[in-house]
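Visitor: Quick one, structure for this:
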Amino acid sequence: MLLHLSGLYYTLYFLATLLMLAYKSQAFSYAPHHLVLDLTLLLLMGLLEAARLYLGMRGNLTEAEVPLAASLALTAGSSLLSVHFLLWQTLVLWADSILSAALLALHGLEATLQVVAIASFLG
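Guide: Presented below is the predicted three-dimensional model:
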């Protein structure tokens, strides 16, 4: 259930961040190479999230440890990209902070439950 919620939230996060990048590029002096970097990282994050959610759902449904462990590793990478959009982005708006902090909290909860699920599958 949490993976479905995460998929829905990430769709909102992706669209909102994409719109905010478009807004920032028009309203502020945003260097083109920084805009390309942020867009590239957002697209990379989208790919990581899709793979992470697929592996997490697959591992959960089949009760397999390997896909869940791979999803857990991708969660770490996606969390690092969330921290980028929370702290290290060229221009961080308050909406960026709120959206990224909520995504990080969701990732933390999912990671905790994935570790519990892996432990229960092994035992």
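Visitor: Quick check: the gap between the residue positioned nearest the centre of the chain and Pro32.
Guide: Residue closest to the average C-alpha location in the chain (Cα atoms, centre = their mean): Ser78, at 4.5 Å. For Ser78, the distance to Pro32 equals 26 Å [Cβ to Cβ, to the nearest Å]. No exception for glycine: its C-beta is placed from N, CA and C like everyone else's.
Visitor: Same check on Val83?
Guide: 24 Å.
Visitor: the more surrounded of those two?
Guide: Higher neighbour count among Val83 and Pro32: Val83, with 15 against 8, using other Cβ atoms under 10 Å.
Visitor: and the more buried one, what is it in contact with?
Guide: Going by Cβ atoms under 8 Å, 6 or more residues apart in numbering, Val83 touches Ser100, Leu104.
Visitor: Tell me the pLDDT of it.
Guide: pLDDT for Val83: 97.
Visitor: Then Leu39?
Guide: 97.
Visitor: one step back: name the element the residue nearest to the centre of the chain belongs to?
Guide: helix 65-83 (DSSP states H and E).
Visitor: what's the spacing between the lengthiest helix in the chain and its chain's center?
Guide: If you go by DSSP state H, the chain has its longest helix at helix 32-62. Counting by Cα atoms, centre = their mean, to the nearest Å, helix 32-62 is centred 6 Å from the centre of its parent chain.
Visitor: Repeat that for stretch 92-112.
Guide: That offset, for stretch 92-112, works out to 8 Å (Cα atoms, centre = their mean).
Visitor: any idea how far the residue nearest to His107 when sequence neighbours are not counted lies from Leu44?
Guide: The shortest distance from His107 to any non-neighbouring residue, by Cβ to Cβ, 6 or more residues apart in numbering, is to Ser79 (4.8 Å). To Leu44, Ser79 is 13 Å away according to Cβ to Cβ.
Visitor: Good, we can wrap up now.
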